[in-house]
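1. sequence first, then the predicted structure, then my questions.
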Amino acid sequence: MTLQTTIKTPDSLPLAERVQSLAPRIAGQAAANDAADRFSPETFALLKANRIFSAGIPVELNGGGASYRELTEMLRFLARQCSGTALALAMHTHPLAAMVRRWRSDPAAVEKPLGKIAAEELMLLSTGGNDWLDGSGIAKKTEGGYLFSARKRFVSGAEAGNLLMTMAICDTEVLHAAVPMNSKGITIEQTWRTLGMRASGSQDVRLEDVFVPDASIALRRPAGVWHPFFHLVTLVAFPLIYSVYRGVAEQLRDEVLKIAARRRSDMDAQLQVGAMETALAAAIAAHEQMVSLGESGAPGEQTSATIMTLKRAMTESLLTMASLAMDAAGGSAFYRDNGIERLFRDLQAARYHPFTQLPQQRLAGRLALGLTADGKAA
């Protein structure tokens, strides 16, 4: 796969050139990091040095000016080198992309934080997958702000991040804030021993009476119900996140073909590879629709339902493809040396991002029946 872009960074280096130059070093560590359950801070220092974190910030704010589609292609390409690295980077890229989308309609609201991220090449961490609509943790009012206490799971890239994009509940209200990771009361717990995506370093982050000033509260919303913020997140985040899974699947396909090509005259091999190709094509078609919406779609209930439905369709196709890939590779797939079983394991994580199967079906069903996303009469 070759990235294509004409966007220039402030250094006049194309994004694709920088990312491709990093590929050998990132790919070279992938198997060892997976085997050791190891997040690689060195890799993220490399990304920072090459200004990958600010790639999607507009040039007007001293960012790289990469388009939304270019960000999806970047993540897809990096996923072919190391699934976990790409997933952790996606969890920085998607909240940043949401801020950029907001900047285009309301510059004053986010211009200062975007400028700071670009100037200092900060890495964002997201806890939204663990919290989602309900939120988690407790916020207690104190003089000048709040004390946040929570345990946030699945914080990809926790050991390299600078700002924790998180939330906590105060009475029935959910408060959103960007909390510096060097704040007093924040600790990282080494809990990430998992089936796949091991190099993402998605550790638990514990907050114990972490002070968050009033001025840092970016959003207040009711708990447990859809809010315009989540329609924007759904629209922007999932096409980016699932670019990673598409890249993993495409790499898996290429590795399997190397093995299956040895028996390409065998009718059974032809059928197995054809089934794998068909499932991958369905996943790619769903993802392309998601990306098109992420580029220019308007956030709202129907768009959120469509994104979630496409995400589910893509997930089912990816998981089917992964199983078919193991069959097409035969017994060789069971050995670690060729990397196929690692890619198979990494794809399993696609099933766990919100909304999972039942909530997605509930959302689609509600809108199809004329109800709101929260199940009320429209």
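-> That came in fine, so what should we check first?
2. and the strands in this protein?
-> 124-126, 138-142, 145-155, 163-170, 173-180, 186-189, 203-213, 217-222 (DSSP state E).
3. what residues are up against the spatially closest residue to Asp131 that is not a sequence neighbour?
-> Leaving aside its sequence neighbours, Asp131 sits nearest to Met167 (CB to CB, 6 or more residues apart in numbering; 5.3 Å). In this view, the C-beta of every residue, glycine as well, is placed from N, C-alpha and C. Listed by CB atoms under 8 Å, 6 or more residues apart in numbering, the contact partners of Met167 are Thr127, Gly128, Asp131, Gly135, Ser136, Gly137, Val174, Leu175, His176, Ala177.
4. next one: Met167 from Arg253, what distance?
-> Relative to Arg253, Met167 is positioned 38 Å away (CB to CB, to the nearest Å).
5. how is the chain divided into domains?
-> 15-122, 128-222, 228-368 (automatic domain parsing).
6. got the ones you listed as TSV, with mean pLDDT columns?
-> Formatted as TSV, these follow (pLDDT from 0 to 100):
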stretch	mean pLDDT
domain 15-122	96
domain 128-222	97
domain 228-368	97
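7. state which helix of the protein is the longest.
-> Counting residues, the longest helix found in the chain (DSSP state H) is helix 228-260.
8. what's the angle between that helix and strand 173-180?
-> 60 degrees (axes from the mean of the first three to the mean of the last three CA atoms, to 10 degrees).
9. so for helix 228-260, what gets flagged as buried?
-> By neighbour count on 16 or more other CB atoms under 10 Å, the buried set for helix 228-260 is 229-253, 255-257, 259-260.
10. mind putting the strands of the chain into a markdown table with distance to Gly84?
-> Output for these, formatted as a markdown table (distance: least, CB to CB, whole Å):
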| stretch | distance to Gly84 |
| --- | --- |
| strand 124-126 | 15 |
| strand 138-142 | 31 |
| strand 145-155 | 12 |
| strand 163-170 | 19 |
| strand 173-180 | 24 |
| strand 186-189 | 16 |
| strand 203-213 | 12 |
| strand 217-222 | 28 |
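11. distance of the residue lying closest to Gly297 once chain neighbours are set aside from Phe229?
-> Distance criterion CB to CB, 6+ apart; nearest residue to Gly297, sequence neighbours excluded, is Thr303 at 5.1 Å. Distance of Thr303 to Phe229, given as CB to CB: 14 Å.
12. got it, and Lys112?
-> To Phe229, Lys112 is 19 Å away according to CB to CB.
13. what's the answer for Thr187, then?
-> 28 Å.
14. Gln270 is in contact with Leu257, correct?
-> No - using CB atoms under 8 Å, Leu257 makes no contact with Gln270, being 11.9 Å away.
15. mind listing the helices for this protein?
-> Going by DSSP H, the chain shows helices at 15-35, 41-49, 68-79, 83-105, 107-120, 128-131, 228-260, 267-296, 301-329, 340-347, 357-368.
16. could you dump these to a markdown table with distance to Gly157?
-> Output for the helices of the chain, formatted as a markdown table (distance: least, CB to CB, whole Å):
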| stretch | distance to Gly157 |
| --- | --- |
| helix 15-35 | 13 |
| helix 41-49 | 7 |
| helix 68-79 | 13 |
| helix 83-105 | 3 |
| helix 107-120 | 15 |
| helix 128-131 | 13 |
| helix 228-260 | 13 |
| helix 267-296 | 21 |
| helix 301-329 | 21 |
| helix 340-347 | 16 |
| helix 357-368 | 25 |
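17. of those, which is nearest Ala377?
-> Closest of the helices of the chain to Ala377 is helix 357-368, at 10.5 Å (criterion: CB to CB).
18. in that closest one, what's buried?
-> Gln360, Leu363, Ala364, Arg366, Leu367.
19. cool, stretch 69-78 as well?
-> Glu70, Leu71, Thr72, Glu73, Met74, Leu75, Arg76, Phe77, Leu78.
20. go on, stretch 258-275?
-> Ile259, Ala260, Ala269, Gln272, Val273, Ala275.
21. and that stretch, end to end?
-> For stretch 258-275, the first and last residues are 16 Å from each other (CA to CA, to the nearest Å).
22. which residues touch that stretch?
-> Val256, Leu257, Leu324, Asp327, Ala328, Ala329, Gly330, Ser332, Ala333, Asn338, Ile340.
23. determine which two of the residues you listed are furthest apart.
-> Leu324 and Asn338 (16.6 Å).
24. quick one: which of these two has more around it?
-> Shown here are Leu324 and Asn338; by other CB atoms under 10 Å, Leu324 has more neighbours (21 against 16).
25. not counting its neighbours along the chain, what's nearest that one?
-> Among residues not flanking Leu324 along the chain, Met276 sits closest, at 4.2 Å (CB to CB, 6+ apart).
26. tell me the pLDDT at Asp11?
-> The predicted structure scores Asp11 at 54 on the pLDDT scale.
27. and stretch 336-356, end to end?
-> End-to-end distance of stretch 336-356: 29 Å, with CA to CA as the criterion.
28. could you report the distance from Glu208 to Ser304?
-> Glu208 sits 34 Å away from Ser304, going by CB to CB.
29. more neighbours, these two?
-> Neighbour count, other CB under 10 Å: between Glu208 and Ser304, Ser304 has more, with 24 against 13.
30. leaving out sequence neighbours, find the closest residue to the more buried one.
-> Thr234 (4.4 Å).
31. which residues touch that neighbour?
-> Shown in contact with Thr234 (CB under 8 Å, 6+ apart): Pro299, Thr303, Ser304, Ile307, Met308.
32. if we can go back for a sec, could I get the contacts of stretch 258-275 as TSV with distance to Ala49?
-> Shown next, in TSV, are these (distance: CB to CB, whole Å):
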residue	distance to Ala49
Val256	34
Leu257	35
Leu324	39
Asp327	42
Ala328	39
Ala329	37
Gly330	42
Ser332	38
Ala333	36
Asn338	32
Ile340	32
